[in-house]
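Undergrad: predicted coordinates and the sequence they were generated for:
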Amino acid sequence: MTVQLMADRETVLGTSKVDPRYRITLVQPIPKLLKVNVGDLVVFVRDERGNIILRVSNITTVGSGRRKR
């Protein structure tokens, strides 16, 4: 599904619903366009206009953020 929004010249490439754990699924063609693979880290970046941008990170490992007990 591709929808052209004429006012802003944006193209909707797909939709994804947020699940109860606030996760989303990357639907095609997004993984292909981003060249993302299973296990890759994606980052959400806010630009100067306040838009949120999804990018594949060049960081290969990240801690889980959880403390060991």
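TA: That came in fine, so what should we check first? Residues are numbered from 1 along each chain as shown.
Undergrad: quick one, helices of this structure?
TA: Taking DSSP state H as the criterion, the chain contains helices spanning 30-34.
Undergrad: need the residue closest to the centroid of it.
TA: Nearest residue to the geometric centre of the chain (Cα atoms, centre = their mean): residue 54, 3.9 Å.
Undergrad: wait, doesn't that residue sit right on residue 44?
TA: Yes. Using Cβ atoms under 8 Å, residue 54 is in contact with residue 44, at 6.0 Å. Every C-beta, even on glycine, is put in place using the N, C-alpha and C of the backbone.
Undergrad: burial of residue 19, as a residue count?
TA: 9 (other Cβ atoms under 10 Å).
Undergrad: do residue 56 as well
TA: By other Cβ under 10 Å, 14 other residues sit near residue 56.
Undergrad: quick check: it touching residue 45?
TA: No. Between residue 56 and residue 45 no contact is recorded; they are 11.3 Å apart, counting by Cβ under 8 Å.
Undergrad: CA atoms of stretch 45-63 as CSV?
TA: Written as CSV, here are the backbone C-alpha positions of stretch 45-63 (Å, rounded to 0.1, in the frame of the first residue of the first chain):
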residue,chain,number,x,y,z
VAL,A,45,15.7,10.1,15.8
ARG,A,46,13.9,13.4,16.2
ASP,A,47,14.8,16.0,13.6
GLU,A,48,14.8,19.8,13.9
ARG,A,49,11.1,20.0,12.8
GLY,A,50,10.0,17.4,15.4
ASN,A,51,9.6,14.5,13.0
ILE,A,52,10.5,11.1,14.3
ILE,A,53,12.8,9.2,11.9
LEU,A,54,13.5,5.4,12.0
ARG,A,55,17.1,4.5,11.0
VAL,A,56,19.2,1.4,11.1
SER,A,57,22.0,2.0,13.6
ASN,A,58,25.7,1.3,12.8
ILE,A,59,26.1,0.2,16.5
THR,A,60,26.4,-3.5,16.5
THR,A,61,26.0,-4.3,20.3
VAL,A,62,24.0,-2.5,23.0
GLY,A,63,23.5,-3.5,26.6
